[in-house]
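[1] coords below, sequence missing:
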């Protein structure tokens, strides 16, 4: 356990390291701590029926985990799993609520992060409802490229997880990657992706 201090408050924190594919929080479990991702990456997903999951977004260092459940729900309505070795910081949720009301800067910071999380989920819902599977896979590839800040990147996801990020089956994810590679829009080498024609991929995303 570590201790964070400033001029007004001492905060007990717990630091935990998770291995790849180790679960950080489970859908339906009680919310006891605010969780901050220090290093690594994690997927936030909804566990659906018949083991069909939907990945809502990928979390990176600096993201709050469990933010959507801070005030409205005593239980997580999603699960979070580490995609690689990841280090998190945990702070008791009751203390966070006290600080939220007492510290204006923290209030503004958490509200901004909350708004960003909701916007990401709304975008995902629109995509799942309105786009065909080709548009969804294009959107996911652009999302991952932007997340990595480069059009050549390692997905860090299995083909099944790419399908879950796109709201399609693993089989369709594999087929669509093959189609886009044959059309020379992307290049694929294992989990390494190179976007060769971002303009066309963006067009597929928009009209998909």
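    Looks like it arrived, so ask away. This structure is a prediction, so every number in the text was calculated from the model and none was measured.

[2] And the strands in this structure?
    2-5, 10-18, 23-25, 33-39, 42-47, 53-59, 64-65, 79-82, 86-92, 152-154, 186-189, 192-195 (DSSP state E).

[3] Indicate which one of these is closest to residue 136.
    strand 53-59 (11.1 Å; C-beta to C-beta). Backbone N, C-alpha and C define where each C-beta goes, glycine included.

[4] Quick one: distance of the lengthiest helix in the chain to the chain centre.
    The longest helix of the chain (DSSP state H) is helix 104-130. Chain-centre distance of helix 104-130: 12 Å, with C-alpha atoms, centre = their mean, to the nearest Å.

[5] can you pull up the bridge partners for the most centrally placed residue in the chain?
    The residue lying closest to the centre of the chain (C-alpha atoms, centre = their mean) is residue 58, at 2.1 Å. Applying DSSP bridges to residue 58 yields these beta-bridge partners: residue 43.

[6] my read: it touches residue 146, true?
    No - Residue 58 is not in contact with residue 146 according to C-beta atoms under 8 Å; the separation is 10.7 Å.

[7] buried sites along the longest helix of the chain?
    By neighbour count on 16 or more other C-beta atoms under 10 Å, the buried set for helix 104-130 is 110, 117, 121, 124, 127.

[8] Check stretch 27-40 too.
    For stretch 27-40, by 16+ other C-beta under 10 Å, it's 31, 33, 34, 35, 36, 37, 40.
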